[in-house]
Each structure stands twice: as C-alpha cells, then as structure tokens.
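1. Give me a model of this one.
(chains A and B)
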Amino acid sequence: MATTQITSSITKTPAEKNQIVFEEQWPKMQPTIVKLLRQEAVNRSEWHDLFYSVHQVCLWDEKAASKIYKALQENITEFIGQAQLRVLAHAEDQALLKAYITEWRKFFEQCGYLPKPFIQVELSLNNHTTSSSSTMPKKHKNDDSDVRKLMLDSWNNQIFSNIKQRLQSSAMKLVRAERNGEAFDSQLVIGVRESYVNLCSDPDDKLKIYRENFEKAYIEATESFYRLKSLEELNQNGVQNYMKYAHTKLKEEEVRAKKYLETTISIQALMDSTVNVLVTLYKDQILCEAPGMIKRNETDKLQLMYKLMDRVPDGIQSLLSDLEDHIINAGLEDMKINALTITQDSEKYIERLLELFRRFSLLVKTAFLDDPRFLTSRDKAYKIIVNDTCIFKLELPVKPGVIKTTPESRCPELLANYCDLLLRKTPLSKRLTSDEIEARLKDVLLVLKYVQNKDVFMRYHKAHLTRRLILDASADSEKEENMVEWLREVGMPADYVNKLGRMFQDVKVSEDLNLQFKEQYRLTKGAVADSINIKILNAGAWARGSERINVSLPLELEDYIPEVEEFYRRKHNGRKLQWYHHMANGTITFSNSVGKFDLDVTTFQMAVLFAWNHRPNEKISYENLKLASELPDPELRKTLWSLVAFPKVKRQLLLYTPEVQSPKDFQEDTHFWVNQEFTVIKNNKVQRRGKISLIGRLQLSTERSREEDNEGIVQLRILRVQEAIIKILKMRKRISNLQLHNELIDILKNMFLPSKKMIKEQIEWLMENKYMRRDDKDINIFVYMA
Amino acid sequence: MKFKIKSWNSVAIWKWLANDDKCGICRAPFDGCCSDCKIPGDDCPLVWGVCSHCFHMHCIMKWLAAQQNQICPMCRQDWALKSDLP
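-> Numbering: from 1, shown residues only, chains lettered A, B, ... in the order given. Next up, the predicted model:
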C-alpha cells in the first residue's frame, strides 16, 4: 500500500522514463561494496552514490530488496572466503591467532559501516516480512541491523565455527604459557575474546557464544592447570608454603581474569572454580595446621589461612572453634599457673584477666583482621574463662532444704575489690594518675561485660562504696559518680544504679545535717562539737540486716547519743534513729614510753581499748573485757584479734597470752594487756609520732547477718526469677517452655544467669500458687492465670 | 597512758516512728514505700492524721482525691493533718 502511494508521487521525477531495475544498478554498486569490505579507500561521491542507488532501486523495484540482500550475501561470503585463506595460511598457533585477529578486527570495523547504505533494504524487507503497523521498527539501531547480522553470521559460519577450536586452544596455550612465566602479547588473547563477544548476533543473550566457548574453555584450562600444579606444590613444599602459593595464585588469577574475561559474573565463575581447585580440595589438610599455629601465635600464617578459608564455603567454621578452644585452654592454664598470686591479690587477678583479653584480642586483630565472627568467638571463650570456677569458687550458702546452688566464680567479687582499690585512697590509687585510674575503671567494666552473675558484683561494689562513703575514703568523688554513670551505660539494672546514686545524695543530705548539728552543739558544749560527726542515713538506700549490736560506748560518747537523738527529733518529727555502731569509727590518741600516736579505730575497738583507761597497766581477761565492752562473743573475738594480730603491723597494740591460732581459740581466761612498746615503724625505723589505721575492712554487718547476706543473694535471685516469669506471662498470656526460658535469660542477663533448675523450681512454685498453669492440650505451653 | 578520743564519726539510720508497721491503704510496710515509689525515705514520706492514723503521704493523697468526704480510711473520722507529732 505504502509503495503504491510513493510510486505515484515519484512519477514526476526526471528518471520516470527509465525504470530503475536492480540488474542495471548492481554493477555500479558492487565495486564500492567490495572496496568497503576490503577496507580500501572509498571517496565521498562513491559512498553517496551507493546510498542513492540503493534507495532508487528499492523504490522502483519491489523485489529489489531481497535481490540486493542476496547479492550482498554472496559478496560477503566471497570476501570471508578470501580472509579464511589468509588466516589458515598460518600453521603456527601464534601466527594464526595474529592473522585471525587482524582479519577479524578489520571485518568487525566494517560491520559498523557497510550496513549503513542498506537501511532502505532492511526497511523494505521488514515491511514485507512483518507487515507490522509500526513504520519505525525499533530495530533501527546499527547494532541490530540485518546486514550487520548477515555479516556476523556469515563470519561465524564460515571461519569461526571451523577454526574456533584452534583459536581457543591457541589462546589457552598462551594463557598457560603466561602462567608458567613466559611473556607474550596479551592482546592476542584479548582479541580472540573480543571476537567471541562481538560475534553473537542474538540480541537477547549477546554473550552466548562467548560464554559457551571462551569462558568455558578458560575455566576448564585454569582448573586443569592448577589441579596438577597444586598437588605438586603441596607435596613438595608442605602446607604452610602451599598456603602462600595458593594465596599468590588466587591473586594472580584474579588479575588475569580481569584482563581476559568479559564480565564480573564471568570473573566470579572463574574465581569460584579456582578457589575450589586451589583451596577447597585441600581444606582439611590446611585446617589441621590451625591449632598449632594459633598456639604458636603465628599470626602471619593464620592471616593467610583466614584469607584462604574465607573464600571457601563453611571454611572458617573450624577455625572459629580452634580459636575458642585455644582461648579457653590457654586462658585457664594461665590462671592455674598463677593461681597462687592471683587468689591473694585482686589487682593481680584483674590485671591477669585483662592481659589475657588483650592478648586474645590482638590475636584476633592480627590473624583474623577483627572479623566479627572471630570477635564473637573470642567473647564466647573469654566469658568461659571469666566465669570459670576451677580457681576460685564462691559458694553461696543456703539454708538446708532450700535450693542448692552450684559454685560460682569469684570473679565478680574480686572485680569489685579491684574497683575499690582504684576508687579508695590506697597506695594504688595514689600512684596512678587520674587518666590511668579512669582507664582501669573502664577495664573493670570491660571484664564485667563478660561476668555472668553481675548481681554478685553489684552487691560487693555497693558494700565497698558504703565503706568509702562512711569512712570518707574516696580518692576522688567525681570519679565515684562517673563510675555510677558508667555502670548505667553498660546496662546494669536501673534500680540498682539508682540506689547507688541515692547513696551519694544521702551522704550530701547528711553532711548538711552534720553542719547544723555542730553549730548547735557548739553553743552548748563548746569546742568538743568539732570532734563529733554524725552520719544519718536513709534506711532504704543503705540498710542491711536490722540486727542491733550492743556495745558499751566510752562515757563521753554515751552522753552525746541523746543529744543527737533530740536534735534529730526536732528536725524530723515522726522519725527515730537506729544506731549503727558497727559502722561508726573514730580517731584516738595514745601515748606510751615510745611516743604519741593517732590511731584510727572502729567504735568496737574503741570500746575494748577504753577498758584499760581505768587500769592502764593491768592484764585483763577475756571474760572481763566481755563485761566491760558488752560486745557479743563473735564480735569481741574479732575485735580483739584485730588488735593483737593486725596484718602488716610489726608491733601490735595489744599483747595476749597464751598464744592462739585464730580468734575462736581465745579462752575466757586469755589475758590481754596494752603493749607499752607499741609504735609505728616506717622504713624499719621506730617512729616517735605517727598515725595508723587499725580499721581494716570496715564491718558492714555482723557475723550472723553476713551469712544472711549471701543467702540474700540466692533469695533475691529467686524473687527476680519469679518476677520475670510473671512479667513475661502477663505480656504473652501463653508461652512455650523454650521461649519462656529464652526470654527469662534475656531479662535477667544483666544480673545473673539463672540455672535451669532454679527456673524449673520457680515455675513449679508459681503453678502451685496458681499464678500460671500448663495448657490442657500441650504440656510444653504455659498459660497466665490472672 | 590513757586513750583519748580525738574525733568520732557516728552512724545511724533513721526510720519512721509509726504506730503500725504497714500502711493501711497500700498494705506495704512503712519501712518500704508506696506502690508508686521505688526508694523509701525522704521521697516517700509518712503523714499522721489528728486521729493518729498514719499513711504513706502519696497513699492518703490518692485516697482523699478519690473520696467526696475527707475522712480517714481507718476510723472514718474527718481527716486532718496532725501538726505536733509524737
């Protein structure tokens, strides 16, 4: 239809008389076509004429398009035939490749030009064949042109399919030669690849020919090359050298692949297969070297192994468990070797732990480049060391018949002790700079992260804090409060941290009260007011056990007790005071023939010592001291022991007879007297004046309530477990046993790790008391009962 | 030769002086705090009525706010704060 319209409109042109037919025009066109194919010079008018002729013929002659196409095909075939002869003239591989690539490149370049004049042909052909309504088929891009396709297909059929095997194998030989270290023109291989890539005329999968031939051959050649080589290398040089070899080769192949292969997918495919031949095949052999290397800290070799294994599926799995085993074994062994020193000294213990942590972290960093999977393994193993019970056990005593607990590591207790050494005025905290102390406190927090039973740490930390606040022994109050915030940051339970915060606040309130009291007391009693301090604390934040210990205070103190009570009653109506004399302390002066000394003592020590004020030179029996001090038996024994055998004091304040091994061996008639030779010895020199503290670790509770304390840990854990179970059930309504366990551990992990047994018992208790029940149909499901 | 006191730091804990050990409203001990508080002590004080009944301040405030008549929940007498305490 379209052609008839065009025909009628063209009838007026000058050429109308001579019908333009293909047969007449072709001889004019052909020489130009041949010239084009041969890459010979075609001048502008020849080039234009070709366009013109094609156009004219197609307009006048309906059949011209297919005729031109056929003629074109013949010409191309002929040209390719000649090219083929030129290529095959070379017998030697490299020369053949070179000739082929030259011919191909020329031909391929012409594939871009030759189709241009024949656009009209293609249009006509397409109109006939498809008769589609769209006049502008999208195929008009040069790449997809029919003539181009004709050219490429012809090349493919005539030359390529005949010699592709030779081309391919020559190219692979070259690559192989390169692998063996011979130099050659890499352009030859690249040229071959290009012909594979560009030859494909399939528009949907342009890389089909390339992939099915070149890529496949390349991968196979690589694989077979290394299959032999790797085995040879491994047998000759051993695993460790082999790892180096494999690593270098993998890198080399990656570079090579980028040069010779077309796409990243292709490169990946090659690398996968190369990794397989070079590494995966020998995975077990390589990995069995790992434990030894870890032990010998051969980080370079390990890093190599890690890099290799990281390419292999599941490769690092066994490395991870080797690392864990090593950390656990080496860590525990180290602890056992040093058991003697570290059990005595919490500073050494914590330093040891930190040293181990640094050592293992360095290993993970240098050998495994801080890969998160290895960091997780380190954490897992380190946790085991921290919570190990081989060296120290903390036995949490329980009332008979109640739950038995498994022994726990004393780590949290020692950690708290260490923390105390840093925060209290001690030789250690005096020696360190503020920054150093801060760094070490952060170390404490680091180890604390791995501690399972954080509740034990909290309890000890709070006890130490109580002592520091009561004795005004903090080295730096700013650090104290920072530490509270840091504990909050590492996820300590909020109500615990808040309680610590309350203690600081409470001490401040109490200081104000103390000032007011002194002011008032000074009015009536004069200067003595300055020597008396009161700390009145809030039971909620501080109280431990409500047991009251009887003690007969020195008279001057006894008088002052009602004064304070009266003062406080007037300040705060509706409150009463309970004296905690076991926490109270003071300074006394004592002079003898050697000199005059200031002694920091507890109130209990004071009460005992003042018994001698009436009879300074007498020997007093235990029995009489009991009457004088009114202290209960266990407290008196302990107090006396602290005066006759205070650690690190060369001349004790009290002497006694007969000698005993421990405080419980004092008899009613053991006699005590004041050591008139008592003195402070500094640098092996007797001092005439001096100050010494005999307080030791301030007692926070009585002997009996100490046991209650540790029971308290267990009791509190039971309550926490119950509370958490109810909390979970309230939210979930129904929950499976397994999920309940998991959520429970998640809630409690910042305090302690509940044992399976404890959880089970508390679930049973809660069911007995109708807080929850098992599902009727599934006994593994629990249901909340409101 | 005598021991002489140079200074003394005494320690005491204060407690509520209540005539009962539990709050009649929340049933929690006076040593503890009301159900809305976390830490006992200054933050959760006790108050006494003229009828001499004693409650957590927060508890009795809540109770009075919910009632039309301002009466003590224990003895039904008119509620008024006692000013002079024991």
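2. quick one: low-confidence ranges for chain B?
-> For chain B, residues meeting the criterion pLDDT under 70 lie at B:1, B:84-86.
3. Within range of chain A, give me the residues from it.
-> Counting by CB under 8 Å from any CB of the partner chain, the residues of chain B close to chain A are B:1-18, B:31-33, B:38-42, B:46, B:48, B:54, B:84-86. Heads up, the C-betas are built off the backbone N, CA and C, glycines and all.
4. of those, buried ones?
-> The neighbour count (16 or more other CB atoms under 10 Å in any protein chain shown) marks B:3, B:5, B:8-18, B:31-33, B:39-41, B:46, B:48, B:54 as buried among the residues of chain B next to chain A.
5. Mark which of these are part of strands, please.
-> Secondary structure from DSSP state E places B:5, B:8-16, B:46, B:48, B:54 of those in strands.
6. Show the contacting residues for the nearest residue to A:Tyr784 once chain neighbours are set aside.
-> Nearest residue to A:Tyr784, sequence neighbours excluded (CB to CB, 6 or more residues apart in numbering or on different chains): A:Leu729, at 3.8 Å. Residues in contact with A:Leu729, defined by CB atoms under 8 Å, 6 or more residues apart in numbering or on different chains, are A:735, A:740, A:771-772, A:782-784.
7. Number of residues surrounding residue 66?
-> You didn't say which chain, so I picked chain A. Neighbours of A:Ser66 under the rule other CB atoms under 10 Å in any protein chain shown: 15.
8. hmm, I had chain B in mind actually
-> Using other CB under 10 Å: B:Ala66 sits among 7 other residues.
9. What distance do you get for it to chain A?
-> 24 Å (CB to the nearest CB, to the nearest Å).
10. Next up, the contacts around that residue.
-> Residues near B:Ala66 by CB under 8 Å, 6+ apart: none.
11. ok, the contacts of A:Leu729 vs chain B, which is closest?
-> Nearest to chain B out of the contacts of A:Leu729 is A:Tyr771 (CB to the nearest CB; 18.7 Å).
12. so what's the backbone phi/psi at the closest one?
-> Main-chain dihedrals, A:Tyr771, degrees, to the nearest 10: phi -90, psi -20.
13. now swap in A:Ser736 and tell me
-> Per-residue torsions, A:Ser736: phi -80, psi 160 (degrees, to the nearest 10).
14. for A:Leu655, same thing?
-> Taking degrees, to the nearest 10 as the convention, A:Leu655 sits at phi -120, psi 160.
15. picking up where we left off before, going by distance to A:Leu332, which of the ones in strands among the buried ones among the residues of chain B next to chain A wins?
-> Nearest to A:Leu332 among those: B:Val11, at 42.8 Å, using CB to CB.
16. My read is that the closest one contacts A:Ala584, right?
-> Yes: B:Val11 lies in contact with A:Ala584 (CB atoms under 8 Å); the separation is 4.8 Å.
17. hmm, back to that, just the buried residues from the contacts of A:Leu729, in ChimeraX please.
-> With 16+ other CB under 10 Å as the criterion, this ChimeraX line picks the buried residues out of those:
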select /A:735,740,771,772,782,784
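18. for chain B, what spans make up the helices?
-> For chain B, the helices defined by DSSP state H occupy B:57-66.
19. before we move on, what about the stretch 101-250 of chain A?
-> Applying DSSP state H, counting those that start in this stretch to the stretch 101-250 of chain A gives helices spanning A:119-130, A:146-155, A:161-179, A:186-199, A:208-209, A:216-260.
20. Okay then, goodbye and thanks.
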